[in-house]
Each structure stands twice: as C-alpha cells, then as structure tokens.
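Undergrad: Just to be clear, the model below is a prediction. Sequence and coordinates:
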Amino acid sequence: MSKIEQEINDFIKQLGGPGKMMPRQDLIFCVVVSGAYQAQAWVDTLNDKKIRFDEFKEFLQTNSFKPVSKNTSYKIVIVPPGLMKDGERNEKHAKAIALRILQGLMPNKQVFLNDANLEITLLMRNKFSDQDIIDASLRTFDQILVAQEGLMTSFGKFVPGLGARNNESWILPYPCNKERDDKTAFAFVLELKNKDNNKGKKNKNNDQDDDEDDDDEESEE
C-alpha cells in the first residue's frame, strides 16, 4: 500500500464520526452514516435547521423514499469545479477526472464512483454546516450536485444538490445532464476494492507447469 493510499484510508476511517470535509490531492473526501431516519424525521430536521427543500418535500412524503439500514456508511468524493473546463462541467467529466486522480493515487485498488441517492444528499446537508462547505471549498464553490439517477417530481425529473449562499441553505433540484456553472462541485459515492494480484501469478505458475510437463515427455523419449 502506497503512502498516499494509506493516508486516504486513514482519514476516511477518521471521518466515520463527527468530522469535516477533508481536501486531499485536489479532491475532497467525507463520510456520512445513515441513521435510517424515515421521511417525516427528515422533514422535521430540515425545517428545524431552516434548510430549504420544498421541491423535495412531496417526494419525501411518498412511499418512494426508503432509507437504508442504520449505521450504513458512505465514502464520498467531491470534485471541485476548478478541475473542470467550460463545456465540461457535468457529471460525466467530473467522474472521469476523479477516477483518473484516484487511480493514480491508489494503483493497487479497483476504484469505483457510484451514483448516490436522496438519502445521501440529506445526510451530507445535515452533517455539514454552511461554514464546513465554505472551508472545504476555499470559497471556490457554494453548491454540490450529488450525482444520481434523476428523481421524478411533480415538475419533472431532477437531480438534488445541496448548497449555501447569502445566508440561505438548501437542497434544490437541478435538471439532469446539463452543463453547470463554475460554482458547482460534484459528489460521488466512492467504492474501493482490492485488485486480484494472484491472477497473474496463477497463470505464470500454470505456464511453468506446462514447461515442466514438456521436459518430462522429452526425457521419456
């Protein structure tokens, strides 16, 4: 395991509890943990914190919202807008940039960036204050689009994003697969797996066995 890979693994583990968003190697990492809160609990929490989410209140109060099991944790990687050029500020390019950086940092891992869901968006907005977002972004962005399959609402299909601007906090809908502005970051669920390094060794051993069998046949002749 490389030094940077160990560093990333260590601080991701540390972020399992209360913590901040952590910038590393141009990306930003965080961890959120599900409390298995039902829809009404989220409505009450967001209202208490004065977080605007009117466009998703209807969706939350339908049977479509189903939280995962309690204590399920998610590793999140955030791609700041500064890594993208105009004309490339969308989910597809953000994912490609993050994968390239992560694969370079962790060559011994299989790296996957998966879509999130509305619960993860809620967990992120609830865990991190407006100041957390500002501090992590170094004021380079003020909203985070949480990449996922679009949610069908009464006014169309949208992707939720979270943010803070002018003393207002929100979870707002964003049209799917559209170019974003230079103040929008992108979040994905990070999944790491160990590479199967034994596969090549196994094939090599098989080749050696075949060579030994050929030698035996020649000796018999």
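TA: In hand now; what should we look at?
Undergrad: all strands for the chain, in order.
TA: 22-24, 27-33, 51-52, 73-79, 109-114, 143-146, 151-153, 156-165, 168-175, 184-194 (DSSP state E).
Undergrad: What is the fifth one packed up against?
TA: Applying 3 or more C-beta pairs under 8 Å, 6 or more residues apart in numbering; DSSP states H and E, one finds that strand 109-114 makes contact with helix 91-105, strand 184-194. All C-beta spots, glycine's among them, are computed from the backbone N, C-alpha and C.
Undergrad: Out of those, which one sits most buried?
TA: Highest mean neighbour count among the helices and strands packed on strand 109-114 (mean count of other C-beta atoms under 10 Å): strand 184-194, with a mean of 20.
Undergrad: and the angle from that one to strand 27-33?
TA: Orientation check (axes from the mean of the first three to the mean of the last three C-alpha atoms, to 10 degrees): strand 184-194 against strand 27-33 gives 70 degrees.
Undergrad: Pull strand 184-194 out as CSV, backbone CA atoms only.
TA: Output of strand 184-194 as CSV, limited to C-alpha atoms (Å, rounded to 0.1, in the frame of the first residue of the first chain):
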residue,chain,number,x,y,z
THR,A,184,-20.9,23.8,-8.7
ALA,A,185,-18.9,20.8,-7.4
PHE,A,186,-19.9,17.2,-8.0
ALA,A,187,-20.2,14.4,-5.4
PHE,A,188,-20.0,10.6,-6.0
VAL,A,189,-20.0,7.5,-3.7
LEU,A,190,-16.5,6.1,-3.5
GLU,A,191,-16.0,2.3,-3.5
LEU,A,192,-12.6,0.7,-3.2
LYS,A,193,-11.8,-3.0,-3.8
ASN,A,194,-8.5,-4.9,-3.7
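Undergrad: Now tabulate the helices and strands packed on strand 109-114 in a markdown table and tack on distance to residue 36 and mean pLDDT.
TA: Output for the helices and strands packed on strand 109-114, formatted as a markdown table (distance: least, C-beta to C-beta, whole Å; pLDDT from 0 to 100):
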| stretch | distance to residue 36 | mean pLDDT |
| --- | --- | --- |
| helix 91-105 | 27 | 92 |
| strand 184-194 | 17 | 91 |
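Undergrad: With distance to residue 81 added, can I get those in a markdown table?
TA: What follows is these, written out as a markdown table (distance: least, C-beta to C-beta, whole Å):
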| stretch | distance to residue 81 |
| --- | --- |
| helix 91-105 | 9 |
| strand 184-194 | 6 |
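Undergrad: Which among these is found nearest to residue 117?
TA: Nearest of these to residue 117, taken as C-beta to C-beta: strand 184-194 at 8.8 Å.
Undergrad: list the helices and strands that closest one packs on?
TA: For strand 184-194, the packing partners by 3+ C-beta pairs under 8 Å, 6+ apart are strand 73-79, helix 91-105, strand 109-114, strand 143-146.
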